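Visitor: kindly return the folded structure for what I paste below:
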Amino acid sequence: MAFRDITTESLSIAGNGGDQIEAYLARPQGDGPFPGVVLIHHGPGWDEWSGETVLKLAQHGYLTISPHLYHRFGPGSADDAAARQRAAGGAPDSDVQGDIQGAIDYLRTRSESNGKVGIIGFCFGGRQVYLAACTLRGIDAAVDCWGGSVIVDDPSQLTPARPKAPIELTEGISAPLMGIFGNDDTNPGIDQVNRTEERLKALGKTYEFHRYDGAGHGFFANSRPGYRPEQAMDAWQKVFRFYEKYLG
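Guide: Model prediction:
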């Protein structure tokens, strides 16, 4: 069958500190049970591509939710919210991680859930995936797509919103981690990806990294000049195999 029937819903869930936040949910039709995925949007915000990717995951059989992680910066377009959070110094890690935990917990309350939840994030969201894998509960598989600033060499780049480099928390990772990177990217660059892998290996973590020649930052996004269809198609197949292994 080429297509799976899905249903979608815009809803409100409890995020950090009990704040009510917007979220977009897509579920395969049927009784399930279905594994869950929390999609953590990229730096440009909770935009059309984020919604399309939620639908893609649901088409592949995953109960998928994407929380609006810039919601505290006011209403309006994705571009407006993204600009306001940049002007404010970025969305604080504490808020974002609390919102992700809320989304994980919400999926587990759904009657059609099989009890397992993965996370996936892109760019800003990839960094948040790494941080979540280190610190949050209830994650069964994590996919970091080109998350930048996992390593911070210049301490002056740490801020009240982002007070710690995620790499420093690597010991806390308990879920299997997949990393997807373009070798033409600069944040993270090849050296940063190598050093992240070295830390994971030294600590005995379960991980797999996939690196693509001819691809830079954001090469999944088909609306952007950096889209690389061949590399993206291969990487998505790896994501689905990884989720099938660890989420069922």
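Visitor: part of a strand, is residue 221?
Guide: No - Residue 221: not assigned to a strand; according to DSSP: H, G, I helix; E, B strand; the rest coil it is coil.
Visitor: contacts only, for it.
Guide: Residue 221 is in contact with 42, 49, 122, 227, counting by CB atoms under 8 Å, 6 or more residues apart in numbering. No exception for glycine: its C-beta is placed from N, CA and C like everyone else's.
Visitor: could you measure from it over to residue 122?
Guide: The spacing between residue 221 and residue 122, counted by CB to CB, to the nearest Å, is 8 Å.
Visitor: need the residues touching each of those two.
Guide: Residues touching both residue 221 and residue 122 by CB under 8 Å, 6+ apart: residue 42.
Visitor: any idea which helix or strand in the chain has the lowest mean pLDDT?
Guide: helix 78-87 (a mean of 90; mean pLDDT, DSSP states H and E).
Visitor: contacts for it, please.
Guide: Under the criterion CB under 8 Å, 6+ apart, residues 43-48, 68, 70-71, 73-75, 91 lie in contact with helix 78-87.
Visitor: buried only: go through these for me.
Guide: In these, burial by neighbour count holds for 43-47, 68, 70-71, 73, 91, counting by 16 or more other CB atoms under 10 Å.
Visitor: so which strand or helix has the closest residue to residue 239 other than its chain neighbours?
Guide: Counting by CB to CB, 6 or more residues apart in numbering, residue 239 lies nearest to residue 143, which is 5.7 Å off, once chain neighbours are set aside. Applying DSSP states H and E as the criterion places residue 143 in strand 141-145.
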